[in-house]
Structure formats: C-alpha cells, structure tokens
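Peer 1: sequence and predicted structure below; questions after.
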Amino acid sequence: DGGITQSPKYLFRKEGQNVTLSCEQNLNHDAMYWYRQDPGQGLRLIYYSQIVNDFQKGDIAEGYSVSREKKESFPLTVTSAQKNPTAFYLCASSEGGRARGNEQFFGPGTRLTVL
Amino acid sequence: QKEVEQNSGPLSVPEGAIASLNCTYSDRGSQSFFWYRQYSGKSPELIMFIYSNGDKEDGRFTAQLNKASQYVSLLIRDSQPSDSATYLCAVRRGSTLGRLYFGRGTQLTVWP
C-alpha cells in the first residue's frame, strides 16, 4: 500500500525544545517537501529536496532544519529558534525532474502546538 | 504581487449547480497548474493538473487554462455537499524544479 506517512499526528512542544517530525514515503519518489499551513492561509514552503543528500531552503526556512540521508525519509526538526511554530505541518513527495506533471502528493500532516 | 492569487470566498452554491473557482498567477513562464481539495483538518488531495491551454475534463471537474491571461480555473459540475472544502490552486514555474507556489485557497460551500 503505497503512500506518505507522517508521525506523530499531534505533537506538543514546550518552549525552548527542539522537536522532529517524521515523513516517510514508499512511492519511490525522488523529491520531497515540507510545508507549513496556518489557519486561513495557504501552504508555505519550508524546505525541499530533489535528491538524496541534497536539499534547498524554501520561503520560511529560518528556525527549521532537515536531512535527506535516505530516499524514503525527510525528517523536519523545529528548533527553539522558530518563534511561532504552532501550525499544521505537511510533507509531500513527487517524482521529481522537469516532467510537466510532477504532481505532489501529501501525507496526512502533523499538528504541532507549543505549550 | 503574490505569485498565485485566489478569491478567498467563501463561495456558496446550491446542490446541482456549477461552482467556478478562479486563480491568477504572476510568472508568465509558469508551466504546470494544479488544483487540490482540502477538507477541514485534513491534508490537500490532488484533483487534477493542466499544462496546455484550453480545457481538461475529469468526471465532474474541468480545469481551464489561459496562459495569455495568466488565468486558470476549476469548474465543478453538479456540485454536491461533499464538495464543500477549500480548493487550493498551485503553480509550478518554469525556472524552479519541482516546487509549487500555492494560493491561499477558496472555501466552497455547497448547500442542499
């Protein structure tokens, strides 16, 4: 059963803590993405990776870090430097490359709340 | 100017009507255009994508693209209450591999 999984579904963080959100895909996709969504807002890109061991900052990378050591996995760490981390975090993947479609598919999301 | 703009709505239509959702984009070199549906509290799911001028139909959904006007739309025929959701327009520019630019979404309500 192919797809994208994210864990945990809900996450609570105390101020000053780093937390790591998991994203795994078994679609054999090369590209993976992390987005943040705030209420009433669209999706804002945090980081993306087109290939293993390489990633690029998106529009709101400050306070976040990622790694891409395996094709299947793209974990996101929300550091204490991120001042307003409460949001819905979405991971996506796509085949990658310059194909005209190259559509992105989303995982179920992680809802992070800072206490 | 935002990369991708959508009317935030809410858009309200009766059951059985045609819902029309609109999206404009700023980069004339944009190549591919995507429509996602997002139910409240859930993640976006892809409805369809289009990259050639004209219409593309998939069941009750029709995407329309006009590159000259930098405009893409989604028509939902025979709207159902289950279509009530937020619809996100996304654009892939020609200069950037893979990444999409999203609009803020249009909230659609279909009332019985």
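Peer 2: In hand now; what should we look at? This structure is a prediction, so every number in the text was calculated from the model and none was measured.

Peer 1: partner strands of the lowest-mean-pLDDT helix or strand in chain A, with direction?
Peer 2: One helix or strand of chain A scores below all others by mean pLDDT, DSSP states H and E: strand A:10-13, with a mean of 92. Under the criterion DSSP bridges, strand A:10-13 sits next to strand A:110-114 (parallel) in its sheet.

Peer 1: give me the mean pLDDT for the strand it pairs with.
Peer 2: Mean pLDDT, strand A:110-114: 94.

Peer 1: residues in contact with that strand: which ones?
Peer 2: By Cβ atoms under 8 Å, 6 or more residues apart in numbering or on different chains, the list of residues contacting strand A:110-114 from outside reads A:6-15, A:19, A:21, A:78, A:84-89. Using the backbone N, CA and C atoms, a C-beta is placed for each residue, glycine as well.

Peer 1: ChimeraX command for the buried members of the residues you listed?
Peer 2: Selection of buried members from those for ChimeraX, criterion 16 or more other Cβ atoms under 10 Å in any protein chain shown:
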select /A:6,11,13,19,21,78,85,87,88,89
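
Peer 1: residue contacts, the spatially closest residue to residue B:66 that is not a sequence neighbour?
Peer 2: Spatially, and ignoring its direct neighbours in sequence, residue B:66 is nearest to residue B:53 (6.4 Å; Cβ to Cβ, 6 or more residues apart in numbering or on different chains). If you count contacts by Cβ under 8 Å, 6+ apart, residue B:53 has them with B:65-68.

Peer 1: for those, which single residue is the most surrounded?
Peer 2: Per-residue neighbour counts (other Cβ atoms under 10 Å in any protein chain shown) across those peak at residue B:65, which has 21 neighbours.

Peer 1: give the contact list for that one.
Peer 2: Here residue B:65 is in contact with B:33, B:50-54, B:56, B:71-72 (Cβ under 8 Å, 6+ apart).

Peer 1: can you do 6 Å?
Peer 2: Contacts for residue B:65 (Cβ atoms under 6 Å, 6 or more residues apart in numbering or on different chains) come out as B:33, B:50, B:53, B:72.

Peer 1: out of these, which are buried?
Peer 2: B:33, B:50, B:72.

Peer 1: in strands, which of the contacts of residue B:65 fall?
Peer 2: When the contacts of residue B:65 are checked against strands (DSSP state E), the matches are B:33, B:50, B:72.

Peer 1: save those residues as CSV, and put in pLDDT too.
Peer 2: Compiled in CSV, the ones in strands among the contacts of residue B:65 are given as follows (pLDDT from 0 to 100):
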residue, pLDDT
B:33, 94
B:50, 94
B:72, 97
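
Peer 1: can I get those residues in CSV with distance to chain A?
Peer 2: Shown next, in CSV, are the ones in strands among the contacts of residue B:65 (distance: Cβ to the nearest Cβ, whole Å):
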residue, distance to chain A
B:33, 10
B:50, 10
B:72, 14
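
Peer 1: for those residues, give me JSON lines that also has distance to residue B:10.
Peer 2: Output for these, formatted as JSON lines (distance: Cβ to Cβ, whole Å):
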{"residue": "B:33", "distance to residue B:10": "23"}
{"residue": "B:50", "distance to residue B:10": "24"}
{"residue": "B:72", "distance to residue B:10": "20"}
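
Peer 1: quick check, nearest of those to residue B:13?
Peer 2: residue B:72 (19.3 Å; Cβ to Cβ).

Peer 1: surely the closest one meets residue B:23?
Peer 2: Yes - under the criterion of Cβ atoms under 6 Å, residue B:72 makes contact with residue B:23 at 4.9 Å.

Peer 1: quick one, what contacts residue B:104?
Peer 2: Residue B:104 is in contact with A:42, B:8, counting by Cβ under 6 Å, 6+ apart.
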